[in-house]
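Asker: I'll drop the sequence and a predicted model, then ask my questions.
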Amino acid sequence: MEIVIEENINERIDVYLSKKLERSRSVISKMINTENILVNGLKVKNSYNLKLGDKIFVGEYEEEDMNIEKENIELDIVYEDDDVIVINKKNGMVVHPAPGNTKGTLVNALLYYSKNLSDINGEFRPGIVHRIDAYTTGLLMVAKNNKSHEILADELAKKQTTRKYIALVWGVINEDTATIDAPIGRDVNDRKKMAVTPINSKDAITHLKVLERLNNATLVELVLETGRTHQIRVHMDYIGHPVVNDPVYGKRKLIDNTGQCLHAYELGFIHPTSNKYMEFSCEIPECFKNILEKFK
């Protein structure tokens, strides 16, 4: 545990820890991104400016030499221009590499597909503005240059981006609409999971609308007002209606091994160059349709 003293106030955390721990800033950046470094129990950005009395937790981190290779993996490109690519991500595809999982990711495919990707998020996340879970399908945007990346990321932060999901959840929801306003943070009993908790959490808001009531399940539309890790899955589990086929949350039986019934079907954003609002949508995939039919 490091406690910030007066002489280090306003120093960037990555610069401070690089000197303090005698490790490169790129390693410090990876540790911050993987939450092996927390400030006052919370995740921060590399650019975070230290404050007097900040408590910095530094976990163990074994640096792995990751060699990220280009891979000729088919991508479902919904839209592309000089600034942005909109992709319909397939089921089971991880968005970016991590230690122990350096192949078959969306980034591997993007490196093969395009020479033009932003580098704001480092060499392991080129072009990646936002993520969806490996077994969540659907739309996400990729930035082809740094200017576009900064603008799109700022839109996300200001809640100007439209993100709508369709999910099949367990049980019948009686209300036609609902808003789930419950803070999300790391599960204190399992650091790999997220949970609704007042401890070291951030505000999380999900808007829900019932599309169809089925036999012991409900098809819903979900709109994210915030973008916390596993937000929809955690919130739906919290209200007693976990996502069907979710292997982590809800403790319900799995229908099969094709992935959770959660699909990012609509994505809208203001184009970083034209300043025009653009909106895209895509149907639920076959794996989702097959499970849905079982409940009808």
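Answerer: Received, thanks. Because the structure is a prediction, the values reported are computed rather than measured.

Asker: how many residues are close by Lys296?
Answerer: Under the neighbour criterion other Cβ atoms under 10 Å, Lys296 is assigned a count of 9. C-betas here are computed from N, CA, C, even on glycine.

Asker: wait, it sits on Ala217?
Answerer: No. Under the criterion of Cβ atoms under 8 Å, Lys296 makes no contact with Ala217, lying 9.3 Å away.

Asker: rounded mean pLDDT for the helix or strand encompassing Val86, please.
Answerer: Using DSSP states H and E, Val86 falls within strand 84-89. When pLDDT is averaged over strand 84-89, the result is 98.

Asker: who's in contact with the next helix-or-strand element following that strand?
Answerer: Per DSSP H and E, the first helix or strand lying C-terminal to strand 84-89 is helix 106-113. For helix 106-113, the surrounding residues in contact (Cβ atoms under 8 Å, 6 or more residues apart in numbering) are 68-75, 85, 87, 89, 93-97, 102, 117, 124-128, 142.

Asker: mind listing what's buried in helix 106-113?
Answerer: Leu106, Val107, Asn108, Ala109, Leu110, Leu111, Tyr113 (16 or more other Cβ atoms under 10 Å).

Asker: can I get the next helix or strand after that helix in CSV, CA atoms only?
Answerer: Using DSSP H and E, the helix or strand that follows helix 106-113 in sequence is strand 137-143. C-alpha atoms of strand 137-143 as CSV (Å, rounded to 0.1, in the frame of the first residue of the first chain):
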residue,chain,number,x,y,z
THR,A,137,-23.2,-10.5,-29.6
GLY,A,138,-23.8,-7.4,-31.5
LEU,A,139,-22.7,-3.9,-32.4
LEU,A,140,-19.6,-2.0,-31.3
MET,A,141,-17.7,0.9,-32.8
VAL,A,142,-14.0,0.9,-33.7
ALA,A,143,-11.9,4.1,-34.2
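
Asker: confirm Leu267 sits in a helix?
Answerer: No. Counting by DSSP: H, G, I helix; E, B strand; the rest coil, Leu267 falls outside a helix, being strand.

Asker: picking up where we left off before, what angle separates the strand holding Val86 from strand 137-143?
Answerer: With axes from the mean of the first three to the mean of the last three Cα atoms, to 10 degrees applied, the angle from strand 84-89 to strand 137-143 works out at 160 degrees.

Asker: nearest residue to the most centrally placed residue in the chain in space, please, no chain neighbours.
Answerer: By Cα atoms, centre = their mean, the chain has its centre lying nearest to Arg131, at 3.6 Å. Leaving aside its sequence neighbours, Arg131 sits nearest to Val95 (Cβ to Cβ, 6 or more residues apart in numbering; 4.5 Å).

Asker: need the contact list for the one you found.
Answerer: Counting by Cβ under 8 Å, 6+ apart, Val95 has contacts Lys89, Thr105, Leu106, Val107, Ile128, Arg131, Ile132, Ala134, Leu140.

Asker: for the strand or helix carrying Lys192, what is the distance to the chain centroid?
Answerer: Using DSSP H and E, the element containing Lys192 is strand 190-196. Per Cα atoms, centre = their mean, to the nearest Å, the displacement of strand 190-196 from the mean C-alpha position of its chain is 14 Å.

Asker: partners of it, with directions?
Answerer: When pairing is defined by DSSP bridges, strand 190-196 lines up against strand 184-187 (antiparallel).

Asker: what's the partner strand in contact with?
Answerer: With contacts defined as Cβ under 8 Å, 6+ apart, strand 184-187 is touched by 35, 193-197, 199-202, 204, 228-231, 234-235.

Asker: if we can go back for a sec, within the sheet, what are the partner strands of the strand holding Val86, with directions?
Answerer: Per DSSP bridges, strand 84-89 is paired in its sheet with strand 77-80 (antiparallel), strand 137-143 (antiparallel).

Asker: could you single out the most deeply buried of these?
Answerer: Among these, strand 137-143 has the highest mean neighbour count (mean count of other Cβ atoms under 10 Å), at a mean of 26.

Asker: strands along the protein, start to end?
Answerer: 2-3, 37-39, 55-58, 77-80, 84-89, 137-143, 162-170, 177-181, 184-187, 190-196, 205-213, 217-224, 262-270, 277-281 (DSSP state E).

Asker: looking at those strands, which is closest to Leu254?
Answerer: Counting by Cβ to Cβ, Leu254 lies closest to strand 162-170 out of the strands of the chain; the figure is 11.6 Å.
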